[in-house]
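Trainee: based on what follows, work out the 3D shape:
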Amino acid sequence: MKKFIERKFHITSEGWSPYFNGTYVKIAYKNKIFLGECLVHPEDNKKKSYLFGATIAYKRAVRKALICEIEDTKEQFKVYQNLLTACQSTKGWNPKEKSTKILYRQFNILAKRLNNLQNEKIELEDDIYFSIKQRDIVTNAIDRKKRQNKTK
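Mentor: Predicted coordinates:
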């Protein structure tokens, strides 16, 4: 199954916002709009990149959509848990019946999906963090090189 973060989301709008000095991206998912922002630190104003900002803003919007998906899946999971608890407490409950096995299978699929979504959220947060750190390393190296060239 395709990962949630690998989906192509419909970008409803994107651009530069002078109000908060950064890039924003809005995506649509399940009839909801999710906003991702990437702010430019005042010290980095000369090094700002619209493409990098849009990439980070897009990832943050996807993260918000992923959080929404996790919450929806948690609600479904609780419904299945309550259903299983209710069924198990009845007299006629037979764990060897085919319908019981199907219910358990669906419950386990949902539990696995919830776990996968939570892992994807962690991966996406790490990806955003490391992208920003890598950008800092690259821009600092470029600045160092420029200073060295000026002193020669």
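Trainee: just for this structure, where's the confidence low?
Mentor: Confidence mapping of the chain against pLDDT under 70 gives the ranges 1-2, 42-45, 152.
Trainee: what's the neighbour count on residue 55?
Mentor: For residue 55, the count of nearby residues is 18 (other CB atoms under 10 Å). For every residue, glycine as well, the C-beta is placed using N, CA and C.
Trainee: residue contacts, it?
Mentor: Residues near residue 55 by CB atoms under 8 Å, 6 or more residues apart in numbering: residue 131.
Trainee: would you say residue 14 is within a strand?
Mentor: Yes. Under DSSP: H, G, I helix; E, B strand; the rest coil, residue 14 falls within a strand.
Trainee: please name the nearest non-neighbouring residue to it.
Mentor: The shortest distance from residue 14 to any non-neighbouring residue, by CB to CB, 6 or more residues apart in numbering, is to residue 25 (4.5 Å).
Trainee: do you know how far the one you found is from residue 47?
Mentor: 20 Å (CB to CB, to the nearest Å).
Trainee: more neighbours, the two?
Mentor: More crowded of residue 25 and residue 47, by other CB under 10 Å: residue 25, with 25 against 16.
Trainee: run through the bridge partners of the more buried one.
Mentor: residue 14, residue 36 (DSSP bridges).
Trainee: does the most centrally placed residue in the chain lie in a helix or a strand, and which?
Mentor: Nearest residue to the geometric centre of the chain (CA atoms, centre = their mean): residue 63, 2.3 Å. Using DSSP states H and E, residue 63 sits within helix 50-88.
Trainee: ok so, going back, let me see the contact set for the residue nearest to residue 14.
Mentor: Going by CB under 8 Å, 6+ apart, residue 25 touches 11, 13-14, 35-36, 54, 57-58, 60-61.
Trainee: and residue 33, what does it touch?
Mentor: Counting by CB under 8 Å, 6+ apart, residue 33 makes contact with 12, 26-27.
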